[in-house]
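Peer 1: I'll drop the sequence and a predicted model, then ask my questions.
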Amino acid sequence: MKAAQQPLNKTKQKGTGYLLHSLKKYTYDILSISDGVNHEQTLEDIKKDLTFRGPSAWILIFSIFIASIGLNANSTAVIIGAMLISPLMGPILGIGTAVAIQDIEMLTRALKNLGIAVTISLLTSTLYFSITPLDLEQSELLARTKPTILDVLVAIFGGFAGIIASSRREKTNVVPGVAIATALMPPLCTAGFGIATGRYMYFFGAFYLFFINSVFISLATFIVVKYLKFPVKQIIDVNKYHRYRVFLLSFLIVTVIPSGVIFFNVIQETRFKITVDQFIHETTAFPNSELITSKVSYSDSLSIIDLYYMGDEITGEQITYLNDRLTNYALDNNDSRWFPLTHKTVVQVHQQKGNSIDLDETFSEYNDKLHINILEDLYKKNEDVIKSKEQKIKLLEAQIVDMNRQLSKVSSDTIPVTQIIQEVKLQYPKIQSVGFSEGESFNLVKGTKGDHVTTVFMYMKSGYPYKQRKEYAKSLEQWLRVRLNDPKLNVIEYR
């Protein structure tokens, strides 16, 4: 009986071993990156992409201009296009490869050409942002000024994908995708923006992002080239090699520390804002007063929560109540956790006093200019109909009287002007002046009256581009149509 069981056990063990071996082989076949590697061709391709001269230099210049325009216009599509044609990946892959195969000549060439590429990029982007009239800090630009540990991870995984794709016999479109993911081009353009506008914190933040991207793409390249056993060109003494490894590890740690600190601050700010949202939702409602909007200013030492109310005045007791409630949300210095959200938070309440209309003094000046523009527009539209000079004068005089009457007459029965202006000031802080007009449209050609028309004239503060002003006017028009229940109301943005 025992003799019969022994062959059976051996058969089971053999079957289990075969299954594990098959599973191991199958897993290796799926995940192996060694198959299809062409060492000589890969090194030749990487060396070919190292140099920046002639066409490569001009391609880099043009791609920098495109990326700068994309950052200026806040266009993600344009920025992606610039990254696709950018040749910046070549020297960075070359640095990692040269260190791995211990090729001093190749490393020198790669570092030299990367320095040339960075210099060309900074000069080109600085030139563009020095001459462009648009120097607004768009969201695409600001996103490149605070690198975090997440950018390090993107650079590492992007570097792995880039060198693995470059080592294949069959070339793919992975390297352009890596150029997009690691975003080497936009940080250099943002650094140029910082130089051109004198905002040097932007320069340092953006250049640091480019630096860590370059370092960790090179590190990923080094690891893969070592794993794929590319032939070493020069043998280095073992003791020297260990010293180089210690130096490299120390350099990487020093490089990544600032991004880790920034990432920690981002996490803290995110935690703080989530807690503040909960605080506002649960504690800021008072009878006969409405919270219009809020603004949060975060700092690890002193954070401020600004609350903007309408309706009955918020009393001193209510403000004290809000500040006392901060303790329940760990928003003050009583937070005993290892990483408190902030050391101190203050609630500030803002509320319009009384019911007076607080229009800018310059509104009358813009109102006069508005008369002139409207008259010019009417003159052009009726030029083909009115032939004689005398008729034109009479028509313009009649229109002046009618327009003065309409602009000066704002019906308080249909439009609660005082209330509307207070709400506009809180919800649309970029608007400098507003004006209201009610009247009837008139077809000058057919000589017939049209519908009753309500028109709101809006003037924005200076410095905003045409597209943003139009979007702001459209948003105000949609809100006022709902607020006043007037689907035909029009908002005209006046410059």
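Peer 2: Great, that's in hand.
Peer 1: hang on, Ser130 packs against Gly194?
Peer 2: No: contact criterion CB atoms under 8 Å: Ser130 and Gly194 do not qualify, at 11.8 Å. Heads up, the C-betas are built off the backbone N, CA and C, glycines and all.
Peer 1: With neighbour numbers in mind, choose between those two.
Peer 2: Taking other CB atoms under 10 Å, Ser130 and Gly194 do not tie; Gly194 has more neighbours (23 against 13).
Peer 1: Assess the claim that the more buried one and Leu209 are in contact.
Peer 2: No: look at Gly194 against Leu209 with CB under 8 Å: they stay out of range, at 11.8 Å.
Peer 1: quick one: the helices in the stretch 101-250 of the chain?
Peer 2: 104-131, 139-142, 149-166, 174-182, 185-197, 200-227, 238-283 (DSSP state H, counting those that start in this stretch).
Peer 1: per-residue confidence averaged over the fourth one?
Peer 2: The one in question is helix 174-182. For helix 174-182, the mean per-residue pLDDT is 62.
Peer 1: cool, the third one as well?
Peer 2: Helix 149-166 comes out with an average pLDDT of 81.
Peer 1: same thing with the second one?
Peer 2: When pLDDT is averaged over helix 139-142, the result is 79.
Peer 1: to the chain's geometric centre, what's the distance from it?
Peer 2: 4 Å (CA atoms, centre = their mean, to the nearest Å).
Peer 1: Repeat that for stretch 32-45.
Peer 2: 37 Å.
Peer 1: end-to-end on that stretch?
Peer 2: 22 Å (CA to CA, to the nearest Å).
Peer 1: what's that stretch in contact with?
Peer 2: Residues outside stretch 32-45 that contact it (CB atoms under 8 Å, 6 or more residues apart in numbering): 97, 101, 164, 166-170, 224, 227-228, 230-231.
Peer 1: swap the cut-off to 10 Å and go again
Peer 2: Outside stretch 32-45, the residues that touch it by CB atoms under 10 Å, 6 or more residues apart in numbering are 28-29, 90, 93-94, 97-98, 101, 103, 106, 160, 163-164, 166-171, 224-225, 227-231, 233.
Peer 1: Pull up the distance across stretch 191-204, start to finish.
Peer 2: End-to-end for stretch 191-204, by CA to CA: 7 Å.
Peer 1: May I see the buried residues of that stretch?
Peer 2: 191-196, 199, 202-203 (16 or more other CB atoms under 10 Å).
Peer 1: Where do the strands of the chain begin and end?
Peer 2: Counting by DSSP state E, the chain has strands at residues 289-297, 303-311, 345-351, 431-443, 448-460, 490-493.
Peer 1: Nearest to Ala117, out of those?
Peer 2: strand 289-297 (39.1 Å; CB to CB).
Peer 1: which residues are contacting that closest one?
Peer 2: Taking CB under 10 Å, 6+ apart as the rule, strand 289-297 contacts 269, 272-273, 276-277, 279-281, 284-285, 303-315, 318, 345-352, 422-423, 425-427, 429.
Peer 1: hmm, which of the residues you listed are the buried ones?
Peer 2: 269, 272, 276, 279-280, 284, 303, 305, 307-309, 314, 345, 347, 349, 351-352, 422-423, 425-426.
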